[in-house]
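>>> would you be able to build a 3D model of this:
(chains A and B)
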Protein chains: 2
Amino acid sequence: MERRLSGKKVAKRIYNEIQKEIEKNNIKPKLVILLIGKDPAAEYYVQNLEKKGSKIGIEVETIILPKTIEQKSLLSKIDELNANNEVNAIMLQKPLPSHLDESEIVMHIKPQKDVDAFHPINMGNLVLDKQGFIPATPAAVLELLSFYEVKTEGKHIVIVGRSDIVGKPLANLLLRKNKTGNATITVCHSRTKDLCFHTKQADILIVAIGKPLFITNDMINENAIVIDVGVNQIEDAEKGYRYVGDVDYENCFEKSEAVTPVPGGVGTITTAMLLKNVIIAYNLQNK
Amino acid sequence: MERRLSGKKVAKRIYNEIQKEIEKNNIKPKLVILLIGKDPAAEYYVQNLEKKGSKIGIEVETIILPKTIEQKSLLSKIDELNANNEVNAIMLQKPLPSHLDESEIVMHIKPQKDVDAFHPINMGNLVLDKQGFIPATPAAVLELLSFYEVKTEGKHIVIVGRSDIVGKPLANLLLRKNKTGNATITVCHSRTKDLCFHTKQADILIVAIGKPLFITNDMINENAIVIDVGVNQIEDAEKGYRYVGDVDYENCFEKSEAVTPVPGGVGTITTAMLLKNVIIAYNLQNK
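Okay, here's the model as predicted:
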């Protein structure tokens, strides 16, 4: 195995697979993204999805709604998209303005079009290993492990972070009785005492806490495989700012068996997995 | 804290609370249990629910259906109960005969009446900490911890077993950001290497694997609190058979800080939590 677990090769393979499937079946899947107000980071992500989508044959339409939109108007916009058979997937770009009831909005998106997998029924299906969507970031981690043939069975995987979109779904996925599951799982977080004690035990360490360069080489095992899910913007003397992960990559590189870079690691695969969910949505709706 | 964590006192408190609420609000909650075929263990559990229910004011009706019932007939029976406003809760006694599609049947029960919390949307709500049902056994464990004022925050809780009805929901519940959550969680199972290495680290050890007397004192920490979810029938020279847990209670008693007995531990509270879910169902439907 390489020491640097690049996400680019993994993403490339997924894009190829999606493109082949689209061409073979001559289908036109469509994703609609709801963007509320202006947010540079969200716009960057959305533009990337549009670009990648158009390359492989997925139409990505972005609907920009005013920051002052009322709950009712947003819900009826979603009703319209739910009913539209030409729309296979709906994505709601977060964070939402604070006057909106996020939970009600998420619950309103038809579960079969919920490619972000935020709806409770998709989370339930994930835990119970039933058909449904897997959120793009956890799916990207599984895809990376699978691409580099990292076996998970019987391994002790320590997850740092318990968010609804990364830590918790990952813990449940890695417990599944399948090829990327069967691991012994420990979940640590802000209330964990002696975090080092736990991270040092990890055969595979997955970090998703949103703290720049938090994990250093004194916190990992000699042979650990380190997966960095964090993306943090920090100041940079030359460029003004730059992106780093939750793991201090340079510092951990020598000691670990392998580590994912940021950028160019898990995040790169995440976009691909989101678009793969659009294909899954299309197939669900056109069985 | 007592060394023997009896479930009886905990159950008694819950029954009292339920009974008070029923009397205060002058309500008549009703649970219907579907029992397919004859099974002595299931019948024992059901009779116990009927008896306890009638004492505290919950009507428990058991419908016995033939073992040969067809999928379609069972689904339309469920339709009828879903539509009946006098039925607040539906419980399907498992295991089902092998010719029935369990997953379809579970999905057919109205989530608001699904007091077993087997429906994926209830599991999703549990993981995402939204309103919904918590399966009775994990709920019983939380209630026990809470009754004996066992703090979970920052504690290392090791769960042995990854079932959909105990291990997985418990792991997710103990990660919640609340009074019975905020723990560091490790989930072990049949594929875990060196189980002892993990169980010995536990401040709180929760065992749900269905192996009689499996956990012995060489596998636990000096100050561990041991929660035994197992109920196993074993041969007994005098009585023919008797029930024991997954933990060797006698053997672990001295070394542990506290341990739950079997019978008279978690199982005793489980029945109470199932009936508490009936009240929750009633309130959901009569808001």
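>>> so the nearest residue to A:G37 once chain neighbours are set aside, which of the three states?
Leaving aside its chain neighbours, A:G37 sits nearest to A:K67 (3.3 Å; criterion: CB to CB, 6 or more residues apart in numbering or on different chains). C-betas here are computed from N, CA, C, even on glycine. Here A:K67 is coil, with the state taken from DSSP: H, G, I helix; E, B strand; the rest coil.
>>> pLDDT wise, what is A:K67 at?
With respect to pLDDT, A:K67 has a value of 95.
>>> got the contact list for stretch A:16-34?
Contacts to stretch A:16-34, defined as CB atoms under 8 Å, 6 or more residues apart in numbering or on different chains, come from residues A:46, A:49, A:53, A:55-63, A:65, A:74, A:77-78, A:81, A:86-93, A:115, A:272, A:275-276, A:278-279, A:281-282, A:286.
>>> pull out the buried residues from those residues.
Taking 16 or more other CB atoms under 10 Å in any protein chain shown as the criterion, what is buried in these is A:46, A:49, A:53, A:56-60, A:62, A:74, A:77-78, A:81, A:87-93, A:115, A:272, A:275-276, A:278-279, A:281-282.
>>> for the helix or strand where A:T271 lies, packing partners?
Applying DSSP states H and E as the criterion places A:T271 in helix A:266-285. Contacts defined by 3 or more CB pairs under 8 Å, 6 or more residues apart in numbering or on different chains; DSSP states H and E place helix A:266-285 against helix A:8-25, strand A:30-36, helix A:40-56, strand A:89-92, helix A:136-147.
>>> now these in JSON lines, with mean pLDDT?
Formatted as JSON lines, those follow (pLDDT from 0 to 100):
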{"stretch": "helix A:8-25", "mean pLDDT": "98"}
{"stretch": "strand A:30-36", "mean pLDDT": "97"}
{"stretch": "helix A:40-56", "mean pLDDT": "91"}
{"stretch": "strand A:89-92", "mean pLDDT": "97"}
{"stretch": "helix A:136-147", "mean pLDDT": "98"}
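>>> let me know which of these is tucked in deepest.
strand A:89-92 (a mean of 25; mean count of other CB atoms under 10 Å in any protein chain shown).
>>> check whether the helix or strand following that one comes near chain B.
Using DSSP H and E, the helix or strand that follows strand A:89-92 towards the C-terminus is helix A:102-108. Yes. Interface with chain B: helix A:102-108 contributes A:S103 (CB under 8 Å from any CB of the partner chain).
>>> state the mean pLDDT of helix A:102-108.
Here the average pLDDT along helix A:102-108 is 94.
>>> any buried residues in it, and which?
Using 16+ other CB under 10 Å as the test for burial, helix A:102-108 gives A:105-108.
>>> what is the nearest of these to B:K151?
Within the buried residues of helix A:102-108, the smallest distance to B:K151 is 32.5 Å, found for A:V106 (CB to CB).
>>> wait, that closest one touches A:H119, no?
Yes. If you go by CB atoms under 8 Å, A:V106 and A:H119 touch, sitting 6.2 Å apart.
>>> and the gap between A:H108 and chain B?
14 Å (CB to the nearest CB, to the nearest Å).
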